[in-house]
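Asker: Sharing a model prediction with you, sequence too.
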Amino acid sequence: MKTYRLQHKHIYFFLVTLMYTPQLTAALTIRSIYDLMTENPNITYQKCFNPIPFAYKKFPLAHHDFFHPNKGCFDQSGVFTIPNGIIRDHCGDLILYNQDTIIKEFLGTHFSLYKHIEFLNFKTSQSTRNIKKINGKVAVVRSIGSNIYGHWIGEILAKIALLKIKNIQYDWLYLVCNQPYIQEIVQLLTIDSSKIIQDSLHNYDIQAEELIIPSLPARFIPMHNDHNYANEHYQVLYIPQWHIQWLQQLFIPLAEQKIAHIYQDKIFISRKDTDNRKIINEDELFSYFEKKGFHRYQLSELSFLEQVRLFSQATCIVSPHGSGLTNIIFCKPNTCIIEIYQNQFDPTFWYISDTLHLDHHCIKTQEITSHDRKIDTHISMDTIQSYINQYLPNV
């Protein structure tokens, strides 16, 4: 049994560590759910998928690639039930066995354990917190980035899928449901909105009579003897193949049934409707592709099913790197993806394309800098034209 003890001014656990020690103001213990199961037979687990090894094609624009490993394993996934389990707000919510014990397997591997501990510095400023007790079964389907489209499709829906695969019944669903596309998907999945809890948990914990927790859908485990010094993957969102297939099988037929509109097959995705990373000369960039038969779309103007239909009909997609490209999940094999990178080096969509056998092209438009990765940028037309002429002359 491995126990990670976090105490005032001290942290004891056996890991290769960074050259500093975070200072915590309250005593907490990090423990494995599997150790807790040996001590408490009332904790149950229903397995959905065994561990899944993965080996994606190496990302062509890799920069600090230890932050987005292309090889490894996704841990087994399923649904846990913990009597009297506790939820606390922390990077998409912290699952506690009791008020002093954090469960390790529910901490996302996008951050290292040390970084989670660092974040806990300001989450544990009080040794005790008020508890709001809820009768019945509460299913928890939240994560870091619950308000971001890509994370909602890739992580939140995966957790909902695990509940549906095992036909898990619950009285309450703890879920972020504050965006139109989320509300649309909730309706499509026939989830009873009266059961949804949206508390922010800033000032108190929730304790459920029975806490139902789907596992992380793609909990990263490094390959044996593959030295993953960062022990995190904050520059990639992994989406396992089983979840991609679930999304395709569920939503593509619904889109075909409900959306009669026929979209252009060569599409250009605009970022004019976003708050950051706009392309300053987008009109000039689109004008170049418009002459090649592309039509421009703003995804914020489309419903979720319209986006599914748009991407499932496409033969070629040009888009800046951004969450909207999550929709390539719905593309047919061999669809051409032209991803325009600004100050980014995230291979999420490259890995999805590898899974789906899409023809993915990454165009680097600037050197990676440590400056704000969300700034608006000007795209060199010479860079775009040179790449297209060399690699995609018939696009």
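Answerer: Received the coordinates, thanks. Residues are numbered from 1 along each chain as shown.
Asker: show me the contacts for the spatially most central residue of the chain.
Answerer: A centroid search over the chain (Cα atoms, centre = their mean) returns His151, at 3.4 Å, as the residue closest to the centre. Contact analysis of His151 by Cβ atoms under 8 Å, 6 or more residues apart in numbering lists 143-145, 237, 323. Yep, even glycine has a C-beta here, placed from its N, CA and C like the rest.
Asker: Same question for Trp172.
Answerer: Taking Cβ under 8 Å, 6+ apart, one finds 134, 136-139, 195-197, 208 in contact with Trp172.
Asker: sec struct for Asp354, please.
Answerer: Taken by DSSP: H, G, I helix; E, B strand; the rest coil, the conformation at Asp354 corresponds to helix.
Asker: oh sorry, the question was meant for Val318
Answerer: From three-state DSSP, the assignment for Val318 is strand.
Asker: Would you confirm that it contacts Ile338?
Answerer: Yes: counting by Cβ atoms under 8 Å, Val318 touches Ile338, with 4.5 Å between them.
Asker: Test for you: state the pLDDT assigned to Gln366.
Answerer: pLDDT recorded at Gln366 is 84.
Asker: Closest one to Val79 out of the contacts of Trp172, please.
Answerer: Closest approach to Val79 among the contacts of Trp172 (Cβ to Cβ): Ala139, at 8.5 Å.
Asker: you'd agree the closest one is in a strand?
Answerer: Yes: assessed by three-state DSSP, Ala139 belongs to a strand.
Asker: Show the pLDDT at it.
Answerer: Looking at Ala139, its pLDDT reads 96.
Asker: now swap in the one 5 residues further on and tell me
Answerer: In the prediction, the pLDDT value recorded for Ile144 is 75.
Asker: okay, now Gln390: neighbour count?
Answerer: Number of residues near Gln390 (other Cβ atoms under 10 Å) recorded here: 8.
Asker: what's the spacing between it and Thr383?
Answerer: When distance is defined by Cβ to Cβ, to the nearest Å, Gln390 is 11 Å away from Thr383.
Asker: Beyond the strand or helix carrying the residue nearest to the centre of the chain, next helix or strand please.
Answerer: For His151, the host element (DSSP states H and E) is helix 149-151. Sequence-wise, the next helix or strand downstream of helix 149-151 (DSSP H and E) is helix 157-165.
Asker: Buried ones in that next one, by neighbour count?
Answerer: By 16 or more other Cβ atoms under 10 Å, the buried positions in helix 157-165 come out as 157-163, 165.
Asker: Could you do stretch 62-72 as well?
Answerer: Using 16+ other Cβ under 10 Å as the test for burial, stretch 62-72 gives 65-70, 72.
Asker: Need the pLDDT of Lys374.
Answerer: Note on Lys374: pLDDT of 76.
Asker: Let me see the domain layout of this structure.
Answerer: Structural domains of the chain, as assigned by automatic domain parsing, span the residue ranges 32-221, 241-391.
Asker: For the first one, what is the distance to the chain centroid?
Answerer: Same thing as domain 32-221. 11 Å (Cα atoms, centre = their mean, to the nearest Å).
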